[in-house]
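**Q** after the sequence you'll find the predicted model.
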Amino acid sequence: MSLFVSRQTLAMAIGVGTSTLIMPAQSLGQTVGQTEQVLEYTRYVDAKSGIAITYPKAIFTKSGESTGQFTKFVSSNGLATFFLIGMPNHYNQSIYDLSAAAEESFAEEDAQITYRRTKQDWFVLSGFVADHIFYRKTVLSDGGQIIGTFQINFPKDQKPFYYNIVERMSWSFKPQ
């Protein structure tokens, strides 16, 4: 049994296993065209969990689907999402336990994990679910008492646009 996050909550948060808004290729131009502009980033700090991240405010807005368990952001074209989860580590799970649970959840969604990296207090998983790329970073903080997760999902064909955005967001992601 995974104690990380219920699969239903996670699926709802990241759009896996739920309907995904598909827009025609010509509507990608507005977002992809912004790669030529300098993006302005803003910092978001979740009042409840203390998790903080910096994200491009012209690309993402906070979704009304956010709950007490997660905060969801959606891109202006509706094709990309990212979410934040901050929760107590009531069961004292190690980063290896959390990584294994995440991999199990992705396997159930037929994801192809193409990148794994684990350190003492964090892990990263990245790969593909259907026609989307996902990038997940989970960090243990406060002496292992807090679990923080950031995940972003975007269409494969938008990888050139999101590559630097994901990198910057990942480095800025800080649990309590």
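**A** Structure received. On a predicted model such as this, the values are computed, not experimentally measured, just so you know.

**Q** state the distance from the most centrally placed residue in the chain to D46.
**A** With distances taken as Cα atoms, centre = their mean, the residue of the chain nearest its centroid is Q151 (1.0 Å). Using Cβ to Cβ, to the nearest Å, we find Q151 at a distance of 14 Å from D46. The C-beta positions use only the backbone N, C-alpha and C, and glycine is treated the same way.

**Q** ok, now Q120?
**A** Taking Cβ to Cβ, one finds Q120 at 24 Å from D46.

**Q** can you map out the strands along this structure?
**A** 41-45, 52-56, 60-62, 71-75, 81-88, 112-118, 122-129, 132-141, 146-155 (DSSP state E).

**Q** figure out which of those strands is closest to F161.
**A** The closest of the strands of the chain to F161 is strand 146-155. By Cβ to Cβ, the value is 8.0 Å.

**Q** what is the mean pLDDT for the closest one?
**A** Strand 146-155 shows a mean pLDDT of 97.

**Q** and stretch 168-176, by the same measure?
**A** pLDDT averaged over stretch 168-176 gives 92.

**Q** how about stretch 54-69?
**A** For stretch 54-69, the mean confidence score works out to 89.

**Q** show me what counts as buried in that stretch.
**A** Y55, P56, I59, F60, Q69 (16 or more other Cβ atoms under 10 Å).

**Q** V45 and I51 touch, don't they?
**A** Yes - V45 lies in contact with I51 (Cβ atoms under 8 Å); the separation is 7.3 Å.

**Q** ok, those two, which is more surrounded?
**A** I51 (25 against 12; other Cβ atoms under 10 Å).

**Q** hey, what's the residue nearest to that one when sequence neighbours are not counted bridged with?
**A** Once flanking residues are discounted, I51 sits nearest to G86: 4.1 Å by Cβ to Cβ, 6 or more residues apart in numbering. For G86, the beta-bridge partners under DSSP bridges are G148.

**Q** dump the residue contacts of G86.
**A** Listed by Cβ atoms under 8 Å, 6 or more residues apart in numbering, the contact set of G86 reads D46, K48, S49, G50, I51, I146, I147, G148, T149, P175, Q176.

**Q** please convert the buried members of these into PyMOL selection syntax.
**A** The following PyMOL line selects those of the contacts of G86 that are buried, judged by 16+ other Cβ under 10 Å:
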select buried, resi 46+49+51+146+147+148+149+175
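
**Q** low-confidence stretches in the chain?
**A** 1-37 (pLDDT under 70).

**Q** how distant is stretch 150-162 from the center of its chain?
**A** 10 Å (Cα atoms, centre = their mean, to the nearest Å).

**Q** dump it to PDB, restricted to CA.
**A** The C-alpha coordinates for stretch 150-162 follow below in PDB (Å, rounded to 0.1, in the frame of the first residue of the first chain):
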ATOM      1  CA  PHE A 150       6.500  19.000  -7.800                       C
ATOM      2  CA  GLN A 151       5.300  17.500 -11.000                       C
ATOM      3  CA  ILE A 152       4.900  19.100 -14.400                       C
ATOM      4  CA  ASN A 153       3.300  17.500 -17.500                       C
ATOM      5  CA  PHE A 154       3.300  18.800 -21.000                       C
ATOM      6  CA  PRO A 155       3.000  17.600 -24.600                       C
ATOM      7  CA  LYS A 156       6.000  15.900 -26.100                       C
ATOM      8  CA  ASP A 157       6.000  18.300 -29.100                       C
ATOM      9  CA  GLN A 158       6.500  21.200 -26.600                       C
ATOM     10  CA  LYS A 159       9.700  19.900 -25.100                       C
ATOM     11  CA  PRO A 160      11.900  22.600 -26.600                       C
ATOM     12  CA  PHE A 161       9.700  25.300 -25.100                       C
ATOM     13  CA  TYR A 162       9.400  23.700 -21.600                       C
END
